[in-house]
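> 3D, please:
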Amino acid sequence: MNLTLIGYRCTGKTTIAEVLSEALGWPLIDTDARVQERAGRSIQHIVDEGGWPEFRRIEREVVGEVVAGDEQVISAGGGVVLDDRNTRRLRESGKVILLTAPAEVIWERMKADAKTEAQRPDLTDEGGIEEVRTLLAERRPAYDAACHYRIQTDRFSPEETAGRILAWLKANRHI
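Purely as a prediction, here's the structure:
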């Protein structure tokens, strides 16, 4: 069984995945990092040169490879659920946890994160907080359909959030 964290940008997927990886003794796989390794360039450069369809194509290949493994903590890119094949593969390979936060919290985290410029290019012409609000609303059905469990990350520290996820997994005999 794999454990996959999904959610919008800056909901804490990578940070919480690091805590879970250490607690479970499972390797951490970051799909965005794998996409960049595969392409040999940053997400921004992939999008600049081939558009979002090119990024999504590489992401789909990476997800297909990653789910073949077992006992991994997977930090998935924010838009991974936009492709039903990714969602199906992630759910079939284990449990999918949705991390959420209000749009205002996400936007503040994005502005404070040095990786935002290179790894988080605008997804729409709106940009900013309006883009976050719009895309959260658009993606909500896909996120909800993909997840087995959800938790709001602005209420707890990464360690507390990971602890609650582990408690849910244990209570439901998933680990």
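> grab the longest strand from the chain for me.
Ordering each strand of the chain by length in residues (DSSP state E) puts strand 94-100 first.
> mind giving me the packing neighbours of that one?
strand 2-6, helix 128-146, strand 149-152, helix 158-171 (3 or more CB pairs under 8 Å, 6 or more residues apart in numbering; DSSP states H and E). Heads up, the C-betas are built off the backbone N, CA and C, glycines and all.
> where does the protein dip in pLDDT?
Scanning the chain for pLDDT under 70 picks out the ranges 115-125.
> can you point out the buried residues in the helix or strand that the longest strand of the chain is followed by?
As assigned by DSSP states H and E, the chain's next helix or strand after strand 94-100 is helix 103-112. For helix 103-112, burial by neighbour count (16 or more other CB atoms under 10 Å) applies to Ala103, Val105, Ile106, Trp107, Arg109, Met110.
> next: stretch 48-64.
Within stretch 48-64, the residues that count as buried by 16+ other CB under 10 Å are Phe55, Arg56, Ile58, Glu59, Arg60, Val62, Val63.
> give me the subset of those residues that lies in helices.
When DSSP state H defines the helices, the subset of those inside them is Phe55, Arg56, Ile58, Glu59, Arg60, Val62, Val63.
> list the contacts of the residue lying closest to the last one once chain neighbours are set aside.
The shortest distance from Val63 to any residue that is not its chain neighbour, by CB to CB, 6 or more residues apart in numbering, is 4.7 Å, and that residue is Asn86. When the contact criterion is CB atoms under 8 Å, 6 or more residues apart in numbering, the partners of Asn86 are Glu59, Arg60, Val63, Ala76, Val80.
> confirm that Asn86 sits in a helix.
Yes - counting by DSSP: H, G, I helix; E, B strand; the rest coil, one finds Asn86 located in a helix.
> which one, of the helices and strands packed on strand 94-100, ends up nearest to Arg41?
Smallest distance to Arg41 across the helices and strands packed on strand 94-100 (CB to CB): 23.0 Å, for helix 128-146.
> alright, that wraps it up for me.
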